[in-house]
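*Asks:* My questions concern the predicted model and sequence given below.
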Amino acid sequence: MSLNLKNFIKQVDLRNPNEPEFLQAVTEVIEDLIPYVNEHRPDLIDLKILERMVEPERIVSFRVAWTDDQNQIQVNRGYRVQMNSAIGPYKGGLRFAPDVNLSILKFLAFEQVFKNSLTSLPIGGGKGGSDFDPKGKSDHEIMRFCQSFMTELQRHIGSETDVPAGDIGVGGREIGFLFGQYKRLQNNFSGVLTGKGTAWGGSYIRPEATGYGLLYFVQCILDYNNEKIEGKTVCISGAGNVAFYAAEKAIQMGAKVITLSNSQGTIFDKEGFSLDKLNYLGTLGRDLGKYTKKYSSASYHAKENPWQFPCDIALPCATQNEINEADAKRLVKNGCKIVAEGANMPSSAEAIKVYLQAKIHFGPGKAANAGGVAVSGLEMSQNAIGQQWAREKVDHRLKLIMENIHKTCVRYGKEPNGYINYLKGANVGGFIKVAEAMKAQGVV
Ligand code: NDP
């Protein structure tokens, strides 16, 4: 007996109607896993390991009612998708953004299972969030929303059950409010969330970890190809947590970063950002265009993304499906040799086909942006033993984890002609440990 790719995807589509992002994420993984399982692990077919992996262990959805500054009652929807706990407690971020829905959270939770497994840490996969839009809200509104959200979520999480963290729209401020409410309701100071402040249980390097880890992964790709990062031109999208620290590390490593962006437009600096320029950009909030008033080397491109600018390395760090087929073709035509994803699923399925056909190096998010959850895992370890490790120690461990992920990708993704298919390597490498654990734990 063997698994049939088309039938499998059809079944997933039928069981999860109107969930395009989830179907996209599953397809991207299953296209590599079905041939692998058929050829190397037929023992997993009757056990229905793949069928079980695409079915979340649990989903909770709940009302979040709160009062805004005008004393008006607002109603949002909260979710937690607990996807897979075969190798550890559910772990994955919370996203607060108006476009959040179940399809997006299920795709993120599914990706998270493979990513977390790749880190080699004992963490399962989950994701959650709300359609709440934090933009334009006061600190008090954010706090009241977070308190109401956690009042329900606290029943479903715990330091050995499910440990959420941040994602789009959830940074240090939100984690603080969420943690405070959890502690109040449970009377328990525990490592139930990661991304906490360093004064109250947080790990050093957690805010920087996704962006820094992305660059450590890029460094591995370059090392493998006997190339250096110095002088390479880098386009980055986004201007949030991941993009900012990716830019910082790239500049520190000697690369020339020429773009950052947000949902309103792109800032292009032909001379490249220095650390001073980057810090200045960080003070502008979402009005990136203001930067051109201070630096004449820059231009602002409203409603445009960064992929039109020639670069050696592209680092999408904003959101899902931000690189379409035409963008990918333009990147390749302009000489881009590496695309490494800081964001989750920023490349559309068609864009990925373009990279693989052109045989450029493509680091998928589940490998390239795993540094964030890796340091979250290290934060959990520090909380469990009541310690706080030095910055250098965490940074060193982050580097080792990214190097190991790269090795796993090479091991499972190397094609006969020597090309490294990082996507296949990450999918298969992330899958094996989870599948073994599920097999050992019986039909649950
Ligand atoms: P932030 O909220 O800090 O920043 C998000 C950035 O992306 C903002 O600049 C935002 O611009 C921009 N953005 C959001 N939506 C769009 C859009 N539709 N078009 C263009 N730009 C957009 O989030 P993070 O930096 O934490 O997350 C970015 C990505 O990285 C996400 O895909 C997330 O899942 C992924 N990720 C994050 C990790 C983390 O540790 N934080 C870990 C691993 C992955 P604007 O302000 O205008 O909306």
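*Replies:* Yes, it's here. Numbering: from 1, shown residues only.
*Asks:* Return the residues in contact with the closest residue to residue 95 other than its chain neighbours.
*Replies:* Excluding its sequence neighbours, the residue lying closest to residue 95 (C-beta to C-beta, 6 or more residues apart in numbering) is residue 129, at 3.6 Å. For the C-beta atoms, the positions are set from N, CA and C on the backbone; glycine is no exception. With contacts defined as C-beta atoms under 8 Å, 6 or more residues apart in numbering, residue 129 is in contact with 78-79, 93-97, 100, 105, 167, 169-170.
*Asks:* mind running it again at 6 Å?
*Replies:* When contacts are counted by C-beta atoms under 6 Å, 6 or more residues apart in numbering, residue 129 touches 94-96, 100.
*Asks:* and the one helix or strand it maps to, which residues are buried?
*Replies:* Of the helices and strands defined by DSSP states H and E, residue 129 is found in strand 125-130. With burial defined by 16 or more other C-beta atoms under 10 Å, the residues of strand 125-130 counted as buried are 125-130.
*Asks:* Widest-spaced pair of the residues you listed?
*Replies:* Checking the buried residues of strand 125-130 against each other with C-beta to C-beta, the farthest-apart pair comes out as 125 and 130, at 19.1 Å.
*Asks:* Run a quick neighbour tally on the nearest residue to residue 365 once chain neighbours are set aside.
*Replies:* Counting by C-beta to C-beta, 6+ apart, the nearest residue to residue 365 once its immediate chain neighbours are dropped is residue 341, at 3.9 Å. Residue 341 sits with 28 neighbouring residues when counted by other C-beta atoms under 10 Å.
*Asks:* ok, so what distance separates residue 341 from residue 28?
*Replies:* From residue 341 over to residue 28 the distance is 12 Å, taken as C-beta to C-beta, to the nearest Å.
*Asks:* repeat for residue 70
*Replies:* As judged by C-beta to C-beta, residue 70 and residue 28 stand 44 Å apart.
*Asks:* what does residue 44 give?
*Replies:* Using C-beta to C-beta, one obtains 19 Å as the distance from residue 44 to residue 28.
*Asks:* And residue 104, by the same measure?
*Replies:* Taking C-beta to C-beta as the measure, residue 104 and residue 28 are separated by 15 Å.
*Asks:* With residue 163 instead?
*Replies:* Counting by C-beta to C-beta, the gap from residue 163 to residue 28 is 26 Å.
*Asks:* Have a look at the two and say which one is more surrounded.
*Replies:* residue 163 (26 against 20).
*Asks:* The lengthiest helix in the chain - contacts with which helices or strands?
*Replies:* Using DSSP state H to assign secondary structure, the helix with the most residues in the chain is helix 391-413. Using 3 or more C-beta pairs under 6 Å, 6 or more residues apart in numbering; DSSP states H and E as the contact test, the elements touching helix 391-413 are helix 206-224, helix 371-385, helix 422-440.
*Asks:* Within range of the ligand, give me the residues from the stretch 301-444 of the chain.
*Replies:* Residues of the stretch 301-444 of the chain that fall close to the ligand, judged by C-beta under 6 Å from any ligand atom: 317-319, 322, 342-344, 369, 372.
*Asks:* among these, which two are most distant?
*Replies:* Checked with C-beta to C-beta, those reach their widest spread between 322 and 372, with 18.0 Å between them.
*Asks:* if you count what's nearby, which of those two comes out ahead?
*Replies:* A side-by-side neighbour count of residue 322 and residue 372, using other C-beta under 10 Å, places residue 372 first with 30 against 23.
*Asks:* show me the contacts for the residue nearest to residue 365.
*Replies:* Shown in contact with residue 341 (C-beta under 6 Å, 6+ apart): 316, 364-365, 368.
*Asks:* could you dump the residues of the stretch 301-444 of the chain next to the ligand to CSV with secondary structure and pLDDT?
*Replies:* Supplementary listing: these in CSV, determined by DSSP: H, G, I helix; E, B strand; the rest coil; pLDDT from 0 to 100:
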residue, secondary structure, pLDDT
317, coil, 98
318, coil, 98
319, coil, 97
322, coil, 98
342, coil, 98
343, coil, 98
344, coil, 96
369, coil, 98
372, helix, 98
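*Asks:* re the thing from before, quick one: which of the contacts of residue 341 is nearest to the ligand?
*Replies:* Of all the contacts of residue 341, the ligand sits closest to residue 365, with 6.4 Å by C-beta to the nearest ligand atom.
*Asks:* didn't the closest one look like it was pressed against residue 344?
*Replies:* Yes. Applying C-beta atoms under 6 Å as the test, residue 365 and residue 344 come out as touching, 4.7 Å apart.
*Asks:* Mutual contacts of these two, please.
*Replies:* Common contacts of residue 365 and residue 344 (C-beta under 6 Å, 6+ apart): none found.
*Asks:* can you tell me which strand in the protein is longest?
*Replies:* The strand of greatest length in the chain, counted in residues with DSSP state E as the criterion, is given as strand 73-84.
*Asks:* And the nearest residue to residue 324 once chain neighbours are set aside, how far from the ligand?
*Replies:* Across the structure, with C-beta to C-beta, 6+ apart as the measure, the residue nearest residue 324 apart from its sequence neighbours is residue 348 (5.1 Å). Separation of residue 348 from the ligand (C-beta to the nearest ligand atom, to the nearest Å): 13 Å.
*Asks:* is it true that residue 348 touches residue 320?
*Replies:* No. Contact between residue 348 and residue 320 fails when scored by C-beta under 6 Å: they sit 8.8 Å apart.
*Asks:* Need the three-state assignment for residue 173.
*Replies:* Using DSSP: H, G, I helix; E, B strand; the rest coil as the criterion, the local structure at residue 173 reads helix.
*Asks:* Can you classify the closest residue to it other than its chain neighbours as helix, strand or coil?
*Replies:* Excluding its sequence neighbours, the residue lying closest to residue 173 (C-beta to C-beta, 6+ apart) is residue 142, at 6.6 Å. Using three-state DSSP, the three-state assignment for residue 142 comes out as helix.
*Asks:* Work out for me the element the residue nearest to residue 140 when sequence neighbours are not counted sits within.
*Replies:* Counting by C-beta to C-beta, 6+ apart, the nearest residue to residue 140 once its immediate chain neighbours are dropped is residue 69, at 6.5 Å. Taking DSSP H and E as the definition, one finds residue 69 inside no helix or strand.
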